[in-house]
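Visitor: below are the sequence and a predicted model for it; my questions follow.
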Amino acid sequence: MDAERRQRLTAFLIWFVTFNAAVGVFERILGIHLFHFGDLDGFAHFRATAFMGHPLENALITSSMMFLVLAMPWSAWRKAFVLSVCMAGILAFGARGGFAITLLMGTAAAVLLGARALLRGEMRLSTLVNAPLVGTLALAAGAVLTFGTVLGERIVALARFDESAQARVDAFKLFDYLSLNDVLYGVDFAEVNFILKLDKDVQIIENCWIAILLMLGAILFVVFALSLLGFFRSISRGRAPHRLCRDELRSGGEHQ
C-alpha cells in the first residue's frame with residue numbers, strides 16, 4: 001500500500017474512532033446506552049459503551065488512535081479538536097488510568113515529534129505559531145474540566161485506589177499458578193477460567209495486556225508488541241503526501 005492510500009485509511013480509522021468517542025460522550029451526558037451489549041450495564045458507575053461494547057476496549061482503541069493523530073499532516077487546530085474529543089471519550093468510558101497514561105505519553109510524543117519536525121525544518125509556520133496557543137487553551141480546558149464541572153468532580157473522586165484498580169493489580173496473581181512454560185508459550189483459557197474460580201481474589205482479568213500475554217505467551221507477545229510498534233512507526237513515516245511528492249521531484253531532478 002502506497003503512502004497516500006495508507007494515509008487515507010489511517011484518516012478514516014481516526015475519524016471513525018473519534019465519532020465513536022463522541023457517541024460515548026453523548027451517552028455519558030444523557031446517562032443512557034444507545035446500544036446494549038449483554039451484561040455491560042452492570043457497572044457500579046455509568047460507563048459509555050458506544051459502538052465497540054466494553055468501555056475498556058473502547059478506551060484502549062481510542063487511546064491507540066490518538067497517537068496516530070500526532071503523525072497526520074493536519075493543522076494544529078484539527079489535531080486539537082480530534083484529540084480533545086478522544087480524551088473526552090476516554091473519560092466517558094471511565095478509563096481513568098488510561099486517561100492519565102495517554103495524557104502523559106501523548107504529551108511526550110507531541111514534544112518529541114514537534115522537536116524533530118522543527119529541527120528538520122518540516123514544521124509548518126502556522127503550526128509553530130499556533131502551538132503555544134493550543135497548549136494554553138488545552139491546559140485551561142483541562143483546569144475547567146477538573147475543577148469546574150460535575151464530570152471533573154467525578155474524576156477527582158475516582159482518583160483513589162478503589163476496587164476497580166485493585167482488580168487490575170490482583171490479575172498479576174494469576175502468574176503464581178503458571179509454570180515458566182505457560183508464561184513463555186501461552187495458556188489455554190479453560191485453565192485460566194479454572195484459576196479464576198480457584199482464587200477468590202481474582203474474579204476477572206481487567207488488564208487487557210495481561211490477557212493478551214496469557215493468550216499469546218511471552219515470546220509471541222514480544223513479536224506482537226514489536227509489530228504494533230512497527231505499524232505506528234510506518235504510519236508516521238508515510239504520513240505526509242507533500243513529503244512523498246517532494247521526494248519524487250528530488251529523485252526526478254537527480255535523473256535529469
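Guide: Sure thing, it's come through.

Visitor: what about the helices in the stretch 1-150 of the chain?
Guide: 3-30, 55-69, 76-92, 96-120, 125-148, 150-157 (DSSP state H, counting those that start in this stretch).

Visitor: tilt between the second one and helix 96-120?
Guide: Right, helix 55-69. 10 degrees (axes from the mean of the first three to the mean of the last three CA atoms, to 10 degrees).

Visitor: ok, back up a step: columns distance to A225, mean neighbour count and mean pLDDT on top of the helices of the stretch 1-150 of the chain, output as TSV?
Guide: For glycine as for every other residue, the C-beta is placed from the backbone atoms N, C-alpha and C. Formatted as TSV, these follow (distance: least, CB to CB, whole Å; neighbours: other CB atoms under 10 Å; pLDDT from 0 to 100):
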stretch	distance to A225	mean neighbour count	mean pLDDT
helix 3-30	20	17	89
helix 55-69	13	21	85
helix 76-92	21	21	86
helix 96-120	15	14	75
helix 125-148	29	12	64
helix 150-157	29	13	56
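
Visitor: for L229, which of those helices is the nearest?
Guide: Comparing those against L229 with CB to CB, the closest turns out to be helix 55-69 (10.7 Å).

Visitor: pull the contacting residues for D182.
Guide: E191, G217 (CB atoms under 8 Å, 6 or more residues apart in numbering).

Visitor: so it: helix, strand or coil?
Guide: helix (DSSP: H, G, I helix; E, B strand; the rest coil).

Visitor: how much space between it and V192?
Guide: As defined by CB to CB, to the nearest Å, D182 lies at a distance of 10 Å from V192.

Visitor: on that earlier part again, in JSON lines: the helices of the stretch 1-150 of the chain, plus distance to W209.
Guide: Formatted as JSON lines, those follow (distance: least, CB to CB, whole Å):
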{"stretch": "helix 3-30", "distance to W209": "20"}
{"stretch": "helix 55-69", "distance to W209": "9"}
{"stretch": "helix 76-92", "distance to W209": "17"}
{"stretch": "helix 96-120", "distance to W209": "11"}
{"stretch": "helix 125-148", "distance to W209": "27"}
{"stretch": "helix 150-157", "distance to W209": "23"}
